[in-house]
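Mind folding the following:
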Amino acid sequence: MKKMGMFLKVMVVGFILLVSITANAKPFYDNSDPRIQQKDNRVTISVLNMAQEVYTVKIFSRNNTLLHKEVLGNGHLVGKIFDFNNSKKGMYRIAVSSKGGILIDQRLWLGKP
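Numbering: from 1, shown residues only. Coordinates of the predicted model:
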């Protein structure tokens, strides 16, 4: 009987730990981490947006002048390709934000000479 009582205590503690770990686990997707990829003079931004938040992209010049602002929307999968082939060569700052604040703030060397 004593062994059975100890077994039950261990099982209860194990169950509580399992529930606690599962409740705090991150899902397999991370909607707060947009993906940004650069290939040549094209920048692709994509978000797996399971929470359906509204994402905004802002593109700034080297001296922090806002050049372009675009709302990506709130669908389950949002994204946009930005083409810098006709842009002056230089350093550009790309910021992606949602209601939670700025999620990406990255500087990229883009454009044609």
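
so where is this protein shaky, pLDDT-wise?
Within the chain, the stretches with pLDDT under 70 are 1-33.

can you rerun that using 50?
Applying pLDDT under 50 to the chain picks out residues 10, 12-32.

the strands in it, which residues?
Secondary structure of the chain by DSSP state E: the strands cover 35-39, 42-48, 55-60, 66-73, 77-83, 90-98, 101-110.

could I get the ones you listed as CSV with mean neighbour count?
Just so you know, the C-beta spots here come from the backbone N, C-alpha and C atoms, and that holds for glycine as well. Formatted as CSV, the strands of the chain follow (neighbours: other C-beta atoms under 10 Å):
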stretch, mean neighbour count
strand 35-39, 13
strand 42-48, 18
strand 55-60, 19
strand 66-73, 13
strand 77-83, 15
strand 90-98, 18
strand 101-110, 14
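
give me every residue that touches the spatially closest residue to residue 88 that is not a sequence neighbour.
With sequence-adjacent residues excluded and distances taken as C-beta to C-beta, 6 or more residues apart in numbering, residue 88 is closest to residue 111, at 5.2 Å. Residue 111 is in contact with 41, 84-85, 87-90, 92, counting by C-beta atoms under 8 Å, 6 or more residues apart in numbering.
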